[in-house]
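Asker: Okay, here's the prediction I keep looking at, along with the sequence it came from:
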Amino acid sequence: MSLKYTLDDTQWQILIHKVGENFNDLTIKRGFQYFKQERVQPLKVSNPEQIEALVEGNDEDKYRVTLNLDSLSESRCSCPVPAYCKHMIAVLLDYVSQQGRSVHAIVNANSTAMFKQPTRPLPHNTSSSQTVDRKAEEALAKLQEQASRIPFMNIKEWHELFKLSISSVGFNSPNAQYAKNALASIYNLQPQLSPVLELLYKLHAHLFVLEKLVHPLQNSGTHRDIFIGYHTQVAADDMHEEVKRILRSTLMIKDEPEQWPRITETLSYLRGHMLVEAKNLKYFSEIYDRLWLQWIHPNLQDESMYVEELEQLKLAQTELGTTLSKLPWLLAQCQMYFYLAQDGPAWELLQQANKGMIIPPGRLLHFLHVLSSTEQWSRLQEWLITIGPMLSSLREEHLNEYVAYWDKVIQHFPDSEQHLWNSLVSMLPYSRNIYEEALLTHGKWQHWMDYQLSIGKEPLDFRVSVMQPIEKNAPELLLPFYHQAVERYILLKNRVSYKAAVKLLKRLSKLYKKLKQEERWEQFITAFASRHSRLRALQEELRKGKLIS
């Protein structure tokens, strides 16, 4: 079918209402089966309102359908059913699919109609059908009239309006297509708004859809992990990413201070969802953090809002009881104390959260980021010391960021370098790679060598590029490292280990030459070859390496 005409959002909403008002659920489901079985043979679209097609029946007869989108009562089918038959639904679904609209919105039109379905009109009763069409149009007009008051509504009223606007979308498949259709319905309502109000509207449109995706999965009684299907997970993740993108936009609240109440309403909304979020869902807790970091904290003139938020969070323990999600609750309080520069209580809350719970590394690094960006170097040092043990078992990328903050502190307070080493040592063995790299970066050659000897590391485990700085700056430190490894290789008594020993002996030869101790080297290699004269394979490898003649 060549689609010369397309439905706009208003026409789409009206069409869904018309289907829900005129077709019963059984007929819609049967028509859906015909559509899935590809029984529709398209003919043409005569005009924006009229579609003509053939539908193959169960008896192999083909029924001619003329569908009038503007007035479904005037639609006709050559089958025995006088009106509103399954063949009409099959044609309509084929048309809707090619329009890129949600087939399931039509399939669920009967059960998800926005307004209560009146008594079904009799077949060919034109006046009754026109009444139904008029009611659907009146319902949509009423919705649009409500939307015109969006600039004067509070956030709760926005969400109630969003709920009405997406009721025709259906919820059979909570996936990316559902999210897209829901957002389109919500945006279709949006009147002209001021810059701050428009940003808030976008934020809440996505928050509302995110809630619709994940909220039905929540178990209100516990906070155990819940299962999210793959397609729902993809849709929720997309919504989450878009919300984070919106929050990165600059909120010019100073130009519209009258919008502050909506900011506090947004905070209350996020707090409510964060405090009952399942353990494996971090959507609302992360958004709550970002709202503070990117929109609220930069625009506050005093500390009163932090104090008020602490009071709200403390009250939540009594109000929510066993439904309280403890980790985000503790971390949210910690964040408020952090903004109030009351680090002691903040650290106590972190210690509580770290017992038996896994603190997301981003939440810990968030504190360091804020202190670094505001150049609070003394506080940053104390926070680095405090949260180091909490980061010890995390991925290397997070530890790299942790050390990078230490480097900034040391630039301003050189005497604090010892705290870096103390922290990294306390985090061993998880911090091993980072510890070694930091020692090399800071030229701690002796410490690096002592550490390798203490853990029995093999010199050949390292790339040549790792050893080069030590060979250049402290070659004498490599002598015991190489000598001990050579002796371990000889004890293995196999050809592979002998080759490894010879490789290290050649490096030792260069080191002694660099240290201008060639005579000492000659004494060593002569005694070494004599001591292992009975190991014929080793002697062969020594000659191949031109270490002996």
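Answerer: Perfect, I can see it now.
Asker: so how many other residues sit close to the residue nearest to residue 485 when sequence neighbours are not counted?
Answerer: Distance criterion CB to CB, 6 or more residues apart in numbering; nearest residue to residue 485, sequence neighbours excluded, is residue 459 at 5.1 Å. C-beta coordinates here come from the backbone N, C-alpha and C atoms, glycine included. By the criterion of other CB atoms under 10 Å, residue 459 has 18 neighbours.
Asker: Please name the residues that touch residue 64.
Answerer: 52-54, 77-78 (CB atoms under 8 Å, 6 or more residues apart in numbering).
Asker: change it to 7 Å
Answerer: With contacts defined as CB atoms under 7 Å, 6 or more residues apart in numbering, residue 64 is in contact with 54, 78.
Asker: likewise residue 213?
Answerer: 174, 179, 232, 235-236, 239.
Asker: run the last query once more with 10 Å
Answerer: The contact partners of residue 213, taken as CB atoms under 10 Å, 6 or more residues apart in numbering, are 171, 174-176, 178-179, 182, 228, 231-240, 283.
Asker: just for this protein, where's the confidence low?
Answerer: Along the chain, the model assigns pLDDT under 70 to residues 1-6, 43, 46, 59, 110-140, 170-172, 216-226, 393-396.
Asker: Isn't the residue nearest to residue 485 up against residue 477?
Answerer: No - judged on CB atoms under 10 Å, residue 459 makes no contact with residue 477 at a distance of 11.6 Å.
Asker: Now list whatever residues contact both of these two.
Answerer: With CB under 10 Å, 6+ apart as the test, residue 459 and residue 477 both reach residue 452.
Asker: Break the protein into its domains for me.
Answerer: 9-140, 152-299, 459-544 (automatic domain parsing).
Asker: so where does the residue most central in space within the chain fall, helix or strand?
Answerer: The centroid of the chain falls nearest to residue 237 when counting by CA atoms, centre = their mean (5.2 Å). Taking DSSP states H and E as the definition, one finds residue 237 inside helix 230-247.
Asker: could you point out which element follows that helix?
Answerer: Heading C-terminal from helix 230-247 (DSSP H and E), you reach helix 260-274.
Asker: so what secondary structure elements neighbour the helix or strand just after that following helix?
Answerer: With elements assigned by DSSP H and E, the helix or strand that comes after helix 260-274 is helix 283-290. Secondary-structure packing of helix 283-290 (3 or more CB pairs under 10 Å, 6 or more residues apart in numbering; DSSP states H and E): helix 195-214, helix 230-247, helix 260-274, helix 326-339, helix 361-373.
Asker: With distance to residue 385 as added columns, please give the ones you listed in JSON lines.
Answerer: Compiled in JSON lines, the helices and strands packed on helix 283-290 are given as follows (distance: least, CB to CB, whole Å):
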{"stretch": "helix 195-214", "distance to residue 385": "37"}
{"stretch": "helix 230-247", "distance to residue 385": "30"}
{"stretch": "helix 260-274", "distance to residue 385": "29"}
{"stretch": "helix 326-339", "distance to residue 385": "15"}
{"stretch": "helix 361-373", "distance to residue 385": "11"}
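Asker: Let me see the ranges of the helices in the stretch 51-200 of the chain.
Answerer: 86-98, 103-107, 126-147, 155-165, 176-189, 195-214 (DSSP state H, counting those that start in this stretch).
Asker: Those: which one's closest to residue 496?
Answerer: Nearest of the helices of the stretch 51-200 of the chain to residue 496, taken as CB to CB: helix 176-189 at 54.7 Å.
Asker: For the closest one, what is the distance to the chain centroid?
Answerer: Relative to the centre of its chain, helix 176-189 is centred 20 Å away, using CA atoms, centre = their mean, to the nearest Å.
Asker: Contact partners for residue 451?
Answerer: 425, 428, 432, 435-436, 439, 444, 457.
Asker: From residue 334, how far off is it?
Answerer: 34 Å (CB to CB, to the nearest Å).
Asker: same deal with residue 87?
Answerer: Using CB to CB, residue 87 is found at 63 Å from residue 334.
Asker: the more surrounded of these two?
Answerer: Counting neighbours by other CB under 10 Å for residue 87 and for residue 334 shows that residue 87 has the greater number, 28 against 24.
Asker: What sits closest to that one if chain neighbours are left out?
Answerer: Closest to residue 87 by CB to CB, 6+ apart is residue 55, at 4.2 Å.
Asker: is it true that residue 47 touches residue 70?
Answerer: Yes - Residue 47 lies in contact with residue 70 (CB under 10 Å); the separation is 9.3 Å.
Asker: which of these two has more neighbours?
Answerer: Comparing residue 47 with residue 70 by other CB under 10 Å, the one with more neighbours is residue 70, at 15 against 12.
Asker: Next, count neighbours for the closest residue to the more buried one other than its chain neighbours.
Answerer: The spatial neighbour of residue 70 that comes closest, neighbours along the chain excluded (CB to CB, 6+ apart), is residue 49 at 3.9 Å. Residue 49 has 14 neighbouring residues, counting by other CB under 10 Å.
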